[in-house]
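[1] Let me see the structure of the following:
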Amino acid sequence: MLVSDWMTPAPLTVPRDTPVLEALRLLKARGFRRLPVVDGAKLIGIVTDKDLKDAMPSKATTLSIWELNYLLAKLTVADVMAKPVKSCRSTDTLEAAALIMQDAKVAGLPVLDASGPTRLHELLAAAAHTVRQRSTVFVVSDFVCEPGWSQPLAQLAQRHDVVAVRLLAPLEQALPDLGLIPMRDAETGEQLMVDTHNPGFRRRFAQIAAEREAGLRSDLARAGVDTLELSTNDDLLEALLRFVDLRKRRKQVSRHRLPAHLKLAA
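    Numbering: from 1, shown residues only. Next up, the predicted model:
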């Protein structure tokens with residue numbers, strides 16, 4: 001039997017600045033015994049009900065109620081969480097997960113898979129160290145990910161011929177009127193209900209999407225890479241082959257084109 005058969009999908013998480021009292025309230029209200037602590041989309045620690053209760057002041061304290069409230073308001077889960085975090089994958093067997101818990105002396109494990117948030121900057125930096133000989137490198141992504149990828153992309157483009165292949169989903173540009181619908185982030189697992197019937201919401205969504213597109217195109221241009229934009233409905237391989245052929249023809253034309261000063265001399 002696999003971990004995926006028993007794990008809790010899209011578990012409740014708390015940001016690192018969550019007060020200890022709020023974390024305790026959540027655990028009591030939901031009936032949980034532990035909470036993963038995240039910084040953005042990154043797992044940075046885990047807290048248990050015991051960790052939180054141990055962090056509370058002793059009943060024998062001489063502090064006043066005002067002093068206690070002040071200290072507790074300042075105390076966050078980041079101050080008491082366990083780190084680094086032992087984890088397993090959804091494809092692991094329950095026996096393998098049990099061995100990890102036994103070795104680490106913990107009663108629960110967060111499940112981390114490769115389908116987590118995209119860290120494109122790490123992949124680009126790894127490519128720069130791995131690909132030594134000058135090559136044509138295709139970077140296929142929607143580029144909607146953690147910030148910090150533009151500089152590694154520019155550095156990669158200094159040594160290689162880099163083509164950024166952007167995959168665009170039509171529904172990420174404009175939402176149709178479908179009424180109240182649930183939406184789930186495929187990378188983080190976060191879910192929320194969205195009222196697509198609201199015209200103001202749809203206009204704001206389209207405006208944010210347009211601003212994001214303008215920013216992404218500007219970053220790609222500054223990185224000095226060629227960009228191919230494809231819809232997720234397109235045939236990726238066919239489009240890439242067509243694009244490569246067009247680039248080859250463009251280079252052949254520019255190679256045979258005389259410089260301006262030579263044209264004048266002729």
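[2] all contacts plus neighbour counts: C-alpha atoms, from now on.
    Fine.
[3] so where's the protein uncertain?
    Low-confidence segments of the chain, defined by pLDDT under 70: 1, 57-72, 113-118, 183-191, 253-266.
[4] Domains in it, by residue range?
    In terms of domains, the chain is parsed into 3-104, 120-256 (source: automatic domain parsing).
[5] Next, the buried residues of the longest helix along the chain.
    For the chain, the longest helix by residue count, based on DSSP state H, is helix 199-223. Neighbour-count burial for helix 199-223, counted by 16 or more other C-alpha atoms under 10 Å, picks out R202, F205, A206, L216, D219, L220, A223.
[6] If you compare the directions of the helix or strand just after it and helix 199-223, what angle comes out?
    With elements assigned by DSSP states H and E, the helix or strand that comes after helix 199-223 is strand 226-231. Here strand 226-231 runs at an angle of 150 degrees relative to helix 199-223 (axes from the mean of the first three to the mean of the last three C-alpha atoms, to 10 degrees).
[7] Quick one: residues in contact with strand 226-231.
    Strand 226-231 is contacted by residues 162-170, 220, 236, 239, 243 when judged by C-alpha atoms under 8 Å, 6 or more residues apart in numbering.
[8] Check stretch 18-28 too.
    The contact list for stretch 18-28 (C-alpha under 8 Å, 6+ apart) reads 14, 33-35, 49, 52-53, 72-78.
[9] separation between W149 and L120?
    Using C-alpha to C-alpha, to the nearest Å, W149 is found at 6 Å from L120.
[10] Contacts only, for R119.
    With C-alpha under 8 Å, 6+ apart, R119 has these contacts: C145, E146.
[11] could you measure it against K50, distance?
    Distance of R119 to K50, given as C-alpha to C-alpha: 33 Å.
[12] One more: C88?
    To K50, C88 is 22 Å away according to C-alpha to C-alpha.
[13] Who has more neighbours out of those two?
    Neighbour totals were compared for C88 and K50, and C88 leads with 20 against 11 (other C-alpha atoms under 10 Å).
[14] Beta-bridge partners for the more buried one, please?
    Counting by DSSP bridges, C88 is bridged to V111.
[15] ok, now the one 5 residues further on?
    Taking DSSP bridges, one finds L2 as the beta-bridge partners of T93.
[16] That one is in contact with V3, isn't it?
    Yes: the pair T93 / V3 is scored as a contact, 5.7 Å apart, by C-alpha atoms under 8 Å.
[17] Comparing those two, which shows the higher neighbour count?
    A count of neighbours by other C-alpha under 10 Å puts V3 above the other of T93 and V3, at 19 against 15.
[18] Name the nearest residue to that one, sequence neighbours excluded.
    Nearest residue to V3 in three dimensions, chain neighbours excluded: S90, at 5.0 Å (C-alpha to C-alpha, 6 or more residues apart in numbering).
[19] Strands of this protein, start to end?
    14-15, 34-39, 42-48, 136-141, 161-168, 180-184, 191-195, 226-231 (DSSP state E).
[20] Tell me which other helices or strands the fourth one touches.
    Meaning strand 136-141. Strand 136-141 sits against strand 161-168, with contacts defined as 3 or more C-alpha pairs under 8 Å, 6 or more residues apart in numbering; DSSP states H and E.
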